[in-house]
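Participant: Let's see this in three dimensions:
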Amino acid sequence: MNRFFVIVNPAAGRGRVRREWPGQAAALRDAGVSFEVTQTREPGEAVGLAERAAREVDVVVAAGGDGTVHEVANGLMRAGGKAALGVLPLGSGNDFVKMLPPRDSIERLVQGTARPFDAGRIVAGATRYFANGMDIGFGAHASRNLTKVPRFLTGLGAYLGALVLTLMRYPKLDVRLQLDDGPAFAQTTSMTAVMNGRSFGGSFHVCPDAQADDGQLDLLIAQGCGRLEILGLVPRIMRGTHGGDRRLRLARARRVVIESQEPLLVEADGEIVFEDARRLEIEVLPGMLRVLA
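Facilitator: Down below sits the predicted model:
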């Protein structure tokens with residue numbers, strides 16, 4: 001039987017974790033799962049907790065949202081992928097688990113098997129990994145604005161609130177992009193997303209054909225769009241029907257380089273990971289993250 005270590009982020013899900021974790025813990029015990037558990041007290045703490053636990057257990061479970069998954073995945077990658085990632089999706093968006101076969105989360109932990117998933121790596125001086133995806137531009141600023149949204153808004157409502165705040169002020173970035181060994185090209189972009197999964201923000205299917213185990217990263221490169229253009233695109237991106245729009249480019253690559261004269265705000269898995277990056281080297285690490293599915 002697998003040895004489990006559960007990392008609970010009580011701040012995740014705008015209060016959802018505090019409400020639902022006791023019931024989830026009881027369900028795990030009722031299913032015969034023996035586990036150790038700890039709760040995080042500050043942002044970033046789950047990285048070190050997961051890295052240490054990965055040397056002693058078979059599965060490290062992230063109980064929280066995509067940000068908690070992000071931290072636990074970073075700890076597991078630092079430990080060399082020795083333990084598998086399990087997820088109790090109790091956040092607002094829960095985009096990572098949309099890559100897994102649909103089943104009850106407790107059942108997934110009890111009966112699931114560890115499958116190799118790709119991970120992404122970002123080097124911008126420091127190194128960060130991502131499980132679901134990363135972006136610059138509109139999405140990154142919306143992630144930062146999510147903290148300003150009233151706490152009574154949850155789920156999609158919170159993300160739509162962040163979208164409205166971001167529309168008031170967001171950057172159009174002048175960057176240089178290089179995909180694999182192709183020629184670098186200049187691009188004015190309101191958002192560039194590099195994805196392992198299909199969606200972010202809970203309901204925005206930015207790369208609807210992405211596969212988490214194909215050894216490639218999927219990109220959405222949006223031209224510098226105005227507010228009305230963005231508002232017009234939002235429903236299509238939420239449905240995943242934006243392919244073919246002349247303002248958007250969908251692409252695939254194993255390695256992406258993004259350079260900018262101005263500092264870039266960078267979001268990964270819903271977390272702000274860099275605030276003043278000028279060169280990002282992003283690559284896929286095929287099959288390096290083992291996930292209970």
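Participant: quick one, strands of this protein?
Facilitator: Assigned by DSSP state E, the strands in the chain fall at 4-8, 35-39, 59-64, 84-89, 114-124, 126-130, 133-137, 173-179, 185-195, 217-223, 248-253, 255-268, 271-292.
Participant: Tell me which of those lies nearest to R78.
Facilitator: strand 126-130 (8.2 Å; C-beta to C-beta). C-betas here are computed from N, CA, C, even on glycine.
Participant: so what does that closest one touch, helix or strand wise?
Facilitator: For strand 126-130, the packing partners by 3 or more C-beta pairs under 8 Å, 6 or more residues apart in numbering; DSSP states H and E come out as helix 66-78, strand 114-124, strand 271-292.
Participant: Could you single out the most deeply buried of these?
Facilitator: Greatest average neighbour count among the helices and strands packed on strand 126-130 goes to helix 66-78 (a mean of 27), per mean count of other C-beta atoms under 10 Å.
Participant: Also compute the angle for that one relative to strand 133-137, please.
Facilitator: 120 degrees (axes from the mean of the first three to the mean of the last three C-alpha atoms, to 10 degrees).
Participant: And helix 66-78, what does it pack against?
Facilitator: Looks like helix 66-78 contacts strand 4-8, helix 45-53, strand 59-64, strand 84-89, strand 114-124, strand 126-130, strand 271-292 (3+ C-beta pairs under 8 Å, 6+ apart).
Participant: repeat that with 6 Å
Facilitator: If you count contacts as 3 or more C-beta pairs under 6 Å, 6 or more residues apart in numbering; DSSP states H and E, helix 66-78 packs onto helix 45-53, strand 59-64, strand 84-89.
Participant: one step back: okay, the strands of the chain in JSON lines with distance to L163 and mean pLDDT next?
Facilitator: Putting the strands of the chain into JSON lines (distance: least, C-beta to C-beta, whole Å; pLDDT from 0 to 100) gives the following:
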{"stretch": "strand 4-8", "distance to L163": "29", "mean pLDDT": "98"}
{"stretch": "strand 35-39", "distance to L163": "31", "mean pLDDT": "97"}
{"stretch": "strand 59-64", "distance to L163": "22", "mean pLDDT": "97"}
{"stretch": "strand 84-89", "distance to L163": "22", "mean pLDDT": "97"}
{"stretch": "strand 114-124", "distance to L163": "24", "mean pLDDT": "97"}
{"stretch": "strand 126-130", "distance to L163": "21", "mean pLDDT": "98"}
{"stretch": "strand 133-137", "distance to L163": "13", "mean pLDDT": "97"}
{"stretch": "strand 173-179", "distance to L163": "18", "mean pLDDT": "98"}
{"stretch": "strand 185-195", "distance to L163": "12", "mean pLDDT": "97"}
{"stretch": "strand 217-223", "distance to L163": "14", "mean pLDDT": "97"}
{"stretch": "strand 248-253", "distance to L163": "17", "mean pLDDT": "98"}
{"stretch": "strand 255-268", "distance to L163": "14", "mean pLDDT": "97"}
{"stretch": "strand 271-292", "distance to L163": "17", "mean pLDDT": "97"}
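Participant: could these be laid out in TSV, adding distance to P101?
Facilitator: Shown next, in TSV, are these (distance: least, C-beta to C-beta, whole Å):
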stretch	distance to P101
strand 4-8	20
strand 35-39	22
strand 59-64	17
strand 84-89	12
strand 114-124	9
strand 126-130	21
strand 133-137	19
strand 173-179	30
strand 185-195	19
strand 217-223	20
strand 248-253	23
strand 255-268	24
strand 271-292	11
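Participant: closest to K98 out of these?
Facilitator: strand 84-89 (9.2 Å).
Participant: Show me what the closest one is packed up against.
Facilitator: strand 59-64, helix 66-78, strand 271-292.
Participant: Minimum distance to L90: which of the ones you listed has it?
Facilitator: strand 59-64 (5.7 Å).
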